[in-house]
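Asks: Return a 3D structure for these sequence lines:
(2 chains)
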Amino acid sequence: ETGVTQTPRHLVMGMTNKKSLKCEQHLGHNAMYWYKQSAKKPLELMFVYSLEERVENNSVPSRFSPECPNSSHLFLHLHTLQPEDSALYLCASSPQEGGYGYTFGSGTRLTVV
Amino acid sequence: GESVGLHLPTLSVQEGDNSIINCAYSNSASDYFIWYKQESGKGPQFIIDIRSNMDKRQGQRVTVLLNKTVKHLSLQIAATQPGDSAVYFCAENNYGGATNKLIFGTGTLLAVQP
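Replies: Take a look at the predicted model:
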């Protein structure tokens, strides 16, 4: 275990469903991140939260909606997804300050059917 | 623009040999670098890091070398084992703004042949 826990590990959803991904960390970090990882592509940064405020949104479609209720929890709400949204969704956390690496969770493998 | 890229997308080595994975970065202002290992079905795991005031750092069986002159980073794995088979990512720290921003390379697949 890395200290960053993601649930569920696997998710299959239809295009009309609504689901949420959850990320939890108790490392004392105050920045959290959502990444999308598709086959044979680089990690794509989706959202950045720092001190519970969203500080970066990398042109992510509105069908992905993040939520950070406190510094330990991060959610990604999903609705009306497309098959091309199928990917591994990774959560990470870090200290807010520069000069530190990220700690990643194991990811949620999402399949949209 | 900023970019972190890898020279070799796939590296195949024999068990017991040493492996060298390379990475080029373009932001000369970056001063912190990290190597991650990602095994199948798992998230990236921290292996080793290095700050720009150093040119070499050693861990257990791994060594990271930093050449700031040519903006090059490498990861050396000694006596490569089957368990080392994974995708390896380099990342550079961009101190832009008030956030801790890492820029990741595309990854190199290391395949260890028995």
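
Asks: Flag every residue of chain B that's near chain A.
Replies: The interface of chain B toward chain A, taken as C-beta under 8 Å from any C-beta of the partner chain, is made up of B:31-32, B:34, B:36, B:41-46, B:49, B:51, B:89, B:91, B:93-95, B:97-102, B:104-107. C-beta coordinates here come from the backbone N, C-alpha and C atoms, glycine included.

Asks: just checking, B:Q38 touches B:A86?
Replies: Yes: contact criterion C-beta atoms under 8 Å: B:Q38 and B:A86 qualify, at 5.8 Å.

Asks: Just the buried residues of the residues of chain B next to chain A.
Replies: Buried by 16 or more other C-beta atoms under 10 Å in any protein chain shown: B:31-32, B:34, B:36, B:42-44, B:49, B:89, B:91, B:93-95, B:99-102, B:104-107, out of those.

Asks: returning to what we had before: which neighbours do B:Q38 and B:A86 share?
Replies: The overlap between the contact sets of B:Q38 and B:A86 (C-beta atoms under 8 Å, 6 or more residues apart in numbering or on different chains) is empty.

Asks: Tell me where the model's unsure across chain B.
Replies: Residue ranges of chain B with pLDDT under 70: B:1-8, B:94-99.

Asks: For chain A, what's the nearest residue on it?
Replies: B:G43 (3.6 Å; C-beta to the nearest C-beta).

Asks: Return the residues in contact with that residue.
Replies: Neighbouring residues of B:G43 by C-beta under 8 Å, 6+ apart: A:2, A:4, A:6, A:90, A:92, A:104-107.

Asks: Who is the residue nearest to it when sequence neighbours are not counted paired with across the strands?
Replies: Spatially, and ignoring its direct neighbours in sequence, B:G43 is nearest to A:F104 (3.6 Å; C-beta to C-beta, 6 or more residues apart in numbering or on different chains). For A:F104, the beta-bridge partners under DSSP bridges are A:A92.

Asks: now do B:R51
Replies: Per DSSP bridges, the residues bridged to B:R51 are B:Y32.

Asks: That one reaches B:D31, doesn't it?
Replies: Yes: using C-beta under 8 Å, B:R51 is in contact with B:D31, at 6.2 Å.

Asks: what is in contact with the two at once?
Replies: Contact with both B:R51 and B:D31 is made by residues A:G99, according to C-beta under 8 Å, 6+ apart.

Asks: For burial, what's the neighbour tally of A:S50?
Replies: The burial count assigned to A:S50 is 22, neighbours taken as other C-beta atoms under 10 Å in any protein chain shown.

Asks: Kindly report the same for A:F75.
Replies: The number of residues packed near A:F75 is 17, by other C-beta under 10 Å.

Asks: Could you list which residues are in contact with it?
Replies: Counted by C-beta under 8 Å, 6+ apart, A:F75 has contacts A:20-23, A:66-69.

Asks: Centre of the chain to the helix or strand that contains it, how far?
Replies: A:F75 belongs to strand A:73-79 when elements are defined using DSSP states H and E. Its chain's C-alpha centre and that of strand A:73-79 lie 7 Å apart, by C-alpha atoms, centre = their mean, to the nearest Å.

Asks: List the buried residues of it.
Replies: For strand A:73-79, burial by neighbour count (16+ other C-beta under 10 Å) applies to A:74-76, A:78.

Asks: confidence score at A:L74?
Replies: Looking at A:L74, its pLDDT reads 97.

Asks: My guess is it contacts A:N30. True?
Replies: No: applying C-beta under 8 Å as the test, A:L74 and A:N30 come out as separate, 11.7 Å apart.
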